[in-house]
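>>> Sequence plus predicted model, see below.
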Amino acid sequence: MLPTPLRIDETNWRIYFSSRNKSNQSFISFLDFRVVGDDLVIKYVNDSFVLTPGRLGTFDDNGVSPSVALLDHEQQLLLYYIGWNPGATTRVNLFGGLSESNNDGSFYRLSEAPLLERTKTDPLINTAPLCVREGRQYLMYYVSGVEWRSKDSPRYNIKIASSSDGRVWNRSGRVVLDFINQ
């Protein structure tokens, strides 16, 4: 679920993905492949997880799924992810998280709190961070919940945030992709 590419060089790629266990909890792993002409050659499939669900009670205690992997200005690999947590009145709570790479290829959380917490402008779902670097600046496009139409049906739009380090984000509530019909 959610294949997330990281370009290693001209022909080598790593794809982060999540898979689910029998309890429907998601875990993140990866595979490496090489592009050879028009073919993709799988070089390595990791048989362990690089990020697992958080501690009981945290925003990601029921699962983690990759959202984007990128190198920061110091060439530190960051993995932004979606944290899953069962809801009581809604099916699920979803928040964006951030982890950094260890030397062994696994990741550690920068915080047990979500990277995208609830705010006055974003009081519901705040998840699926898609981050890009533009020069020394980082931009994040993220899913922001507007309402729940039913327990299983959220309604959301896409907002933008900015950062100078990829870790602390400024969110104004600016919508960049809204509904066609309000």
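In hand now; what should we look at?
>>> Backbone dihedrals for the residue located most distally from the centre of the chain, please?
Distance from the C-alpha centroid of the chain, by CA atoms, centre = their mean, peaks at Gly37 (30.7 Å). Taking degrees, to the nearest 10, you get phi 60, psi -120 for the backbone angles of Gly37.
>>> Could you measure from it over to Asn181?
Distance from Gly37 to Asn181, counting by CB to CB, to the nearest Å: 46 Å. (Each C-beta comes from the backbone N, C-alpha and C, glycine too.)
>>> Which parts of the protein are strands?
4-7, 12-20, 26-36, 39-45, 63-71, 77-86, 92-101, 107-109, 126-134, 137-150, 153-163, 170-177 (DSSP state E).
>>> Figure out which of the ones you listed is closest to Arg55.
Closest to Arg55 of these, according to CB to CB: strand 107-109, at 9.7 Å.
>>> That closest one pairs with which strands?
In its sheet, strand 107-109 lies beside strand 92-101 (antiparallel), with partners assigned from DSSP bridges.
>>> what sits up against the strand it pairs with?
Contacts with strand 92-101, where a contact means CB atoms under 8 Å, 6 or more residues apart in numbering, come from 51, 59-60, 62, 64, 67, 76-87, 107-111, 114-117, 125-129, 142-143, 167.
>>> related to what we said a few turns ago, any chance of the strands of the chain in CSV with distance to Arg55 as columns?
Below are the strands of the chain laid out as CSV (distance: least, CB to CB, whole Å):
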stretch, distance to Arg55
strand 4-7, 23
strand 12-20, 18
strand 26-36, 15
strand 39-45, 28
strand 63-71, 12
strand 77-86, 12
strand 92-101, 13
strand 107-109, 10
strand 126-134, 19
strand 137-150, 24
strand 153-163, 25
strand 170-177, 26
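>>> Could I get the ones you listed in TSV, plus columns for mean pLDDT and mean neighbour count?
Compiled in TSV, the strands of the chain are given as follows (pLDDT from 0 to 100; neighbours: other CB atoms under 10 Å):
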stretch	mean pLDDT	mean neighbour count
strand 4-7	96	16
strand 12-20	96	17
strand 26-36	96	18
strand 39-45	96	11
strand 63-71	96	23
strand 77-86	96	22
strand 92-101	96	22
strand 107-109	97	18
strand 126-134	94	19
strand 137-150	95	17
strand 153-163	95	17
strand 170-177	94	12
